[in-house]
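Q: here is the input, now give the coordinates:
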Amino acid sequence: MKLTAALFAFAMVFTVASQSAPAESGDTISPEILAAIAHQALIVDVRTPEEFADGHYPGAINIPHETILNGLNQLGVTAEKPVILYCRSGNRSGQAEQALQNKGFAHARNAGGLKALLSATGEQAVLLSPAAPR
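A: Residues are numbered from 1 along each chain as shown. Alright, predicted model coming up:
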């Protein structure tokens, strides 16, 4: 009986949590993020350099999520600058958003996944040119 109650409680918590997830982590890009992009926010791809090379948002820079704060500091980006973060699914960009907001970057936003961002803005992914053969 206790197991049934525990499973029911878990199912209820999971249902509530999934219903309250932010829109940015799904397939919908918020109007706030679209407006920030239109007003020249810094767009950061937090995936690996290899993933970035395979296709990224036009004008985006690549800073892997593990090094987001150090990477922005090296570029001289201040906490007042709007920063839009994306990855493949929204997970890593969500981690980067949290890390930045914890350090005072109040305008850091998670746009979720690259495909949703491209779809919402009508843009095409940019591919890096493969290295010339040696």
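
Q: wait, I29 touches K115, no?
A: No: using CB atoms under 8 Å, I29 makes no contact with K115, being 10.7 Å away. In this view, the C-beta of every residue, glycine as well, is placed from N, C-alpha and C.

Q: and the two? Which one has more around it.
A: Neighbour count, other CB atoms under 10 Å: between I29 and K115, I29 has more, with 23 against 14.

Q: helix/strand/coil for that one?
A: Following DSSP: H, G, I helix; E, B strand; the rest coil, we place I29 in the coil state.

Q: OK, contacts around it?
A: Taking CB atoms under 8 Å, 6 or more residues apart in numbering as the criterion, I29 is in contact with 23, 111-112, 116-117, 120-121.

Q: and the furthest pair within those residues?
A: Using CB to CB, these span at most 15.3 Å, a distance reached by A23 and T121.

Q: where do the strands sit along this protein?
A: 42-45, 61-62, 83-87, 108-113 (DSSP state E).

Q: among the contacts of I29, name the ones in helices.
A: 116-117, 120-121 (DSSP state H).

Q: if we can go back for a sec, turn the contacts of I29 into JSON lines, including distance to I43.
A: Shown next, in JSON lines, are the contacts of I29 (distance: CB to CB, whole Å):
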{"residue": "A23", "distance to I43": "18"}
{"residue": "A111", "distance to I43": "8"}
{"residue": "G112", "distance to I43": "13"}
{"residue": "A116", "distance to I43": "14"}
{"residue": "L117", "distance to I43": "8"}
{"residue": "A120", "distance to I43": "13"}
{"residue": "T121", "distance to I43": "10"}
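
Q: please indicate which of these are buried?
A: 111-112, 116-117, 120-121 (16 or more other CB atoms under 10 Å).
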